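[1] Sequence and computational prediction follow.
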Amino acid sequence: MALIKCENVSIGYEGQMVVHGLNFEINQGDYLCIVGENGSGKSTLVKSLLGLKNVDKGKIVFDDGLKQTEIGYLPQQTDVKKDFPASVYEVVLSGRLNSRGMKPFYTAEDKKQAWEKMDMLGIRDLAKQCFRDLSGGQRQRLGIARALAVNPKLIICDEPVSALDVSIRAQVLNLMKELKDKLNLTYIFISHDLSVVHHICDRVAVMYLGRVVEIADKKQIYENPVHPYTKALLSAIPMPDPEVKRERIILQGDVPNPADPPSGCHFHKRCPYAKKECSETVPPFVTVEPGHQVLCWLAEEQQS
Ligand code: SF4
């Protein structure tokens, strides 16, 4: 059974639907990256996965062995800073409370777990320092220790490297991968940038205005993208080899208001291939090859 299964999940925000009919699952050991621009619904989905926001339609099914309180959460570095301007040790310890939604009362087990995770991350020496004195890389190691403090099976990583310098970013991503293999963790990694997730994940889900428009194994997404939006995102990634040219696809118009998305296919106002039916009817989620699904009328036509 899947660790988490989203079945036709729709979620509202301030009275308007911002996530529409999501269907995907994540198995033990997966590294799933969810990619999308601001307004794609990523953050709302994260809140519901963490139990901080109700689902309005459909359901999120958790495996019997997975409690929501055992899901680790690794936020952007800036969120850690906002949370708790205290000592490093207290920040790690607070991970235990955050997950249980409790008032500050620490058990001996909480303290033991916090020290263990600091040792694992090699940050015991920082324990007495104040959080605000840490470097960007140290802060994110601290964030990882805090996420691990609940002994999670699954960690939701919410743009964890977007605020870091490129050099530190690689270190943190490598550390996360090491820990994943060592502790048999499952990751859901949220990002707005397909270039960041290229080297780390196994599967990629691309979201646009509250819908998953394409989901596939990493190789399928990067080598054989089908949805016009995924193609546009990939065309914006700089090529490391200056001899290799890739045609940049410039999307027209701005991202529409997520609370009032266009009818039919949400992407139709910016899609270079849009036709009449795209604005009238929601396209089907088509399986174009095993494990590769696309929400687009073009994919449907190619299949028939
Ligand atoms: Fe473009 Fe139509 Fe496909 Fe939407 S359904 S991505 S508008 S071709």
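    Good, I have the coordinates. Numbering: from 1, shown residues only.
[2] C-alpha from now on. contacts and neighbour counts both.
    Will do.
[3] Setting aside sequence neighbours, what's the nearest residue to R124?
    M118 (5.2 Å; C-alpha to C-alpha, 6 or more residues apart in numbering).
[4] Contacts made by the host helix or strand of K219 with the rest, please.
    Assigned by DSSP states H and E, K219 belongs to helix 218-223. Here helix 218-223 makes contact (C-alpha atoms under 8 Å, 6 or more residues apart in numbering) with 198, 201-204, 215, 230, 234, 292.
[5] picking that back up, so the residue nearest to R124, which of the three states?
    helix (DSSP: H, G, I helix; E, B strand; the rest coil).
[6] quick one: it and A145 touch, right?
    Yes. Between M118 and A145 there is a contact under C-alpha atoms under 8 Å: 6.0 Å.
[7] hang on, the earlier thing: out of the contacts of helix 218-223, which sit inside strands?
    The strands, defined by DSSP state E, take in 203-204, 215, 292 from those.
[8] quick one: which of the residues you listed is nearest the ligand?
    Proximity of the ones in strands among the contacts of helix 218-223 to the ligand (C-alpha to the nearest ligand atom) peaks at I215, which lies at 13.9 Å.
[9] neighbours of that closest one, just the number please.
    Other residues near I215 number 27, with proximity taken as other C-alpha atoms under 10 Å.
[10] what's the answer for the one 5 residues further on, then?
    Counted with other C-alpha under 10 Å, the burial measure for Q220 works out to 16 neighbours.
[11] The one 3 residues further on now?
    E223 sits with 9 neighbouring residues when counted by other C-alpha under 10 Å.
[12] any idea how far it is from K42?
    In this view, E223 and K42 are 24 Å apart by C-alpha to C-alpha, to the nearest Å.
[13] Show the residue spans covered by the helices in this structure.
    Shown for the chain, the helices assigned by DSSP state H span residues 42-49, 77-83, 88-100, 108-121, 136-148, 166-183, 194-197, 218-223, 228-235, 276-280, 297-303.
[14] give me every residue that touches the spatially most central residue of the chain.
    The centroid of the chain falls nearest to I190 when counting by C-alpha atoms, centre = their mean (2.0 Å). Contact analysis of I190 by C-alpha under 8 Å, 6+ apart lists 33-35, 42, 156-159.
[15] residue contacts, the closest residue to V212 other than its chain neighbours?
    With sequence-adjacent residues excluded and distances taken as C-alpha to C-alpha, 6+ apart, V212 is closest to V206, at 5.6 Å. Neighbour list for V206: 34-36, 212-215, 230 [criterion: C-alpha under 8 Å, 6+ apart].
[16] Enumerate the residues of the stretch 151-300 of the chain near the ligand.
    227-228, 265, 267-268, 271, 273-274, 278, 283, 296-298 (C-alpha under 6 Å from any ligand atom).
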